[in-house]
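> I'd like to go over a predicted model; first the sequence, then the structure.
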Amino acid sequence: MSLTNIKCQNAKPKAKSYKMYDAKGLFLEIRPNGAKYWRFKYRYMDKEKLLSLGVYPEVTLAKAREKCFEMREQLDNNINPSTSRKEVKRRAKENADHSFEVIARQWHENFKHKWSERHAKTTLGRMEGDIFPEIGQMPIKDIHPAHLIDALKKVQKRGAYEPAHRLRQYCSQVFRFAIIHELTDTNPAAEIGMVLKPVVKKHYACLDIKEIPEFLDALERNNARLHHDTRQAIRLLMLTFVRTKELLEAKWEEFDLDNAEWIIPPERMKMRNEHIVPLSRQALEILHDLKERNERWEWIFPGHHSKKKHMSNNTILKGIDRLGFKGRMTGHGFRALAMSTIKEKLGYRHEVVDRQLAHAPQSMVQRAYDRAQFLDERKVMMQKWADYLDGMKNG
């Protein structure tokens, strides 16, 4: 007689295990400890086989019969249910081992030594925040363009257009990594760039050349009552026109004041090349002043609230705003100002100023030159630039 839910519920343990049969090889085994296990007994290739179908009542009688029916169908098609189950488990494990998140983390681990610590952290953080929750658990070979488009459009929906494009690039690299390791055949991320909204690049606010005296006068008078180090940071940024981040993360060990050089290590540069900044007489005066104040700290510009950290980029920006130049100038704007003024007013060739800006050479021929090309010329140029600014300040 077939089993019922009441019979399954009321089955009591005995001193030894015993079986309660349903039909077509399905039975419930009751253990002495009271546990109840579904079993399926069948014959395949003239050999008796036994499979576990789960524990009652987690697996109900109806569910156990459903599983039994599926396995009977496999037997009718000359498929061994045990072999089929092992294959399903193998595929599930393979899919888990080859999920997008697993492969992406392998890609990240493989390449992070080539990146700065900050870039490696940012890259993984963006993937963890926006990509892994959407497609992370999917087998990488099963991901199609539509899956990525849905994930990236959610990023763009909050107005993060540039991060969405960067995420597409990261995903494309992950798929290329997977293709090399024969885990997938296609790179769906390479096909969807045109679907995303384009990034409209905004230029950093920058003064016109004729506005330099006004800015220098405001900085000198300091009606905004800026902190001494903040003013010195703005002055040094103007004299060296490095990137704001490169200035604020500068450490005393990078400076050779005797030889008037600031050597920024590759890991702190955008292009990952060591960069030499010749120091003008005016820049040296600022650095000697800072050394008297801050030499005991690691940074040349320690933070106002915690000396264990460097000054924040926001300090520079807020300082410029308080001087009365909000929307007219930024820390990065000094780079564009120096480029245009030195070429127009001091007559220097574009490539000399460009090299001082530490831009990446555009051609293979340019990249073949030594990184310190034009150094002697740049030393003269940096002093002339500082003298030009003094002349503008003095009218």
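That came through, no problem.
> Spell out, range by range, the strands that occur in this protein.
18-21, 26-30, 36-44, 47-56, 255-256, 261-264, 275-278 (DSSP state E).
> Does anything pack onto the longest one? Which helices or strands?
It stands for strand 47-56. strand 36-44, helix 61-76, helix 81-97 (3 or more CB pairs under 8 Å, 6 or more residues apart in numbering; DSSP states H and E). All C-beta spots, glycine's among them, are computed from the backbone N, C-alpha and C.
> Recalculate using a threshold of 10 Å.
helix 5-10, strand 26-30, strand 36-44, helix 61-76, helix 81-97 (3 or more CB pairs under 10 Å, 6 or more residues apart in numbering; DSSP states H and E).
> And the ones you listed, which one averages the lowest pLDDT?
The minimum mean pLDDT among these belongs to helix 81-97 (a mean of 75).
> what's the angle between it and strand 47-56?
50 degrees (axes from the mean of the first three to the mean of the last three CA atoms, to 10 degrees).
> and helix 81-97, C-alpha only, in CSV?
This file holds the C-alpha atoms of helix 81-97, laid out as CSV (Å, rounded to 0.1, in the frame of the first residue of the first chain):
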residue,chain,number,x,y,z
PRO,A,81,20.1,8.5,-12.4
SER,A,82,23.2,8.2,-10.2
THR,A,83,25.5,9.2,-13.1
SER,A,84,23.2,12.0,-14.1
ARG,A,85,23.1,13.4,-10.5
LYS,A,86,27.0,13.3,-10.4
GLU,A,87,27.1,15.2,-13.7
VAL,A,88,24.6,17.8,-12.4
LYS,A,89,26.8,18.3,-9.3
ARG,A,90,29.9,18.5,-11.4
ARG,A,91,28.4,21.2,-13.6
ALA,A,92,27.1,23.1,-10.6
LYS,A,93,30.5,23.1,-9.1
GLU,A,94,32.1,24.1,-12.4
ASN,A,95,29.6,27.0,-12.8
ALA,A,96,30.4,28.1,-9.2
ASP,A,97,34.1,27.9,-9.8
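> and the angle from it to strand 36-44?
Put simply, helix 81-97 runs at 120 degrees to strand 36-44, going by the same axes, to 10 degrees.
> how far does helix 81-97 sit from the chain's center?
Centroid displacement of helix 81-97 relative to its chain, using CA atoms, centre = their mean, to the nearest Å, is 34 Å.
> The spatially closest residue to residue 115 that is not a sequence neighbour: neighbouring residues, count only.
Nearest residue to residue 115, sequence neighbours excluded (CB to CB, 6 or more residues apart in numbering): residue 123, at 7.3 Å. By other CB atoms under 10 Å, the residues close to residue 123 number 21.
> what domains does the record give for the chain?
Split into domains by automatic domain parsing, the chain comes to 5-89, 100-195, 209-393.
> Now do the helices in the stretch 201-350 of the chain.
Along the stretch 201-350 of the chain, the stretches classed as helices by DSSP state H, counting those that start in this stretch are 212-221, 228-240, 244-248, 281-294, 313-320, 333-345, 350-356.
> closest to residue 116 out of these?
Closest of those to residue 116 is helix 244-248, at 10.7 Å (criterion: CB to CB).
> for the residue nearest to residue 40 when sequence neighbours are not counted, what are its contacts?
Nearest non-adjacent residue to residue 40, counting by CB to CB, 6+ apart: residue 51, 4.6 Å away. Each residue near residue 51 by CB atoms under 10 Å, 6 or more residues apart in numbering is listed here: 25, 38-42, 67-68, 71, 81-82, 85.
> my read: residue 336 touches residue 206, true?
Yes - using CB atoms under 10 Å, residue 336 makes contact with residue 206 at a distance of 4.4 Å.
> Name the residues contacting each of the two.
Common neighbours of residue 336 and residue 206 (CB under 10 Å, 6+ apart) are residue 330.
> which stretches of the stretch 51-200 of the chain aren't confidently modelled?
92-96, 199-200 (pLDDT under 70).
> Show me the helices in it, by range?
All helices of the stretch 51-200 of the chain, identified by DSSP H, counting those that start in this stretch, fall at 61-76, 81-97, 100-111, 117-126, 132-135, 145-157, 161-180.
> buried sites along the longest one?
In terms of neighbour count (16 or more other CB atoms under 10 Å), helix 161-180 has its buried residues at 163-168, 170-175, 177-178.
> Can you lay out those as TSV showing distance to residue 386?
Output for the buried residues of helix 161-180, formatted as TSV (distance: CB to CB, whole Å):
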residue	distance to residue 386
163	38
164	42
165	39
166	37
167	42
168	43
170	42
171	46
172	45
173	43
174	47
175	50
177	48
178	53
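> The residue lying closest to residue 354 once chain neighbours are set aside: neighbour count?
Among residues not flanking residue 354 along the chain, residue 339 sits closest, at 7.6 Å (CB to CB, 6+ apart). The number of residues packed near residue 339 is 19, by other CB under 10 Å.
> returning to that earlier point: which of the helices of the stretch 51-200 of the chain sits closest to residue 237?
Of all those, helix 117-126 comes closest under CB to CB, at 20.2 Å.
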